[in-house]
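A.B. asks: One predicted model, sequence on top.
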Amino acid sequence: MTEQPQGRYRTPGEKGGPSTAFIEIGRVGIEITEQEYRERGYEPDFDELPLKIDYCPVDSKHRR
């Protein structure tokens, strides 16, 4: 049985680049464009994905 891809977080585009989403398929994680994510109908909806900064906050010991 194949595992369904699951969206984890999104990253806004920078300098004119596309926004991206990080998805996991089993133990494999990949980053794809917002357009690919929406076209493939991944869950949850792209707009419901947390931002990367909220999903993977930097350890406060490393902030300056």
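C.D. replies: All right, it came through fine.

A.B. asks: going forward, measure contacts and count neighbours with C-alpha atoms only.
C.D. replies: OK.

A.B. asks: gap between residue 35 and residue 21?
C.D. replies: 9 Å (CA to CA, to the nearest Å).

A.B. asks: neighbour-wise, which of these two wins?
C.D. replies: residue 21 (25 against 14; other CA atoms under 10 Å).

A.B. asks: That one in helix, strand or coil?
C.D. replies: strand (DSSP: H, G, I helix; E, B strand; the rest coil).

A.B. asks: Find the nearest non-adjacent residue to it, please.
C.D. replies: Ranked by CA to CA, 6 or more residues apart in numbering and with sequence neighbours excluded, the top spatial neighbour of residue 21 is residue 10, at 4.2 Å.

A.B. asks: Just give the number of residues close to the one you found.
C.D. replies: Residue 10 has 25 nearby residues by other CA under 10 Å.

A.B. asks: do the one 3 residues further on as well
C.D. replies: Residue neighbour count, defined by other CA under 10 Å, stands at 12 for residue 13.

A.B. asks: that's a helix at it, yeah?
C.D. replies: No: counting by three-state DSSP, residue 13 is not found in a helix; it is coil.

A.B. asks: And the residue nearest to residue 21, its phi and psi?
C.D. replies: phi -130, psi 160 (degrees, to the nearest 10).

A.B. asks: didn't it look like it was pressed against residue 22?
C.D. replies: Yes: contact criterion CA atoms under 8 Å: residue 10 and residue 22 qualify, at 6.2 Å.

A.B. asks: From the contact counts, what lies against the biggest helix by length in the chain?
C.D. replies: Longest helix in the chain by number of residues (criterion: DSSP state H): helix 34-40. Packing partners of helix 34-40 (3 or more CA pairs under 8 Å, 6 or more residues apart in numbering; DSSP states H and E): strand 20-25.
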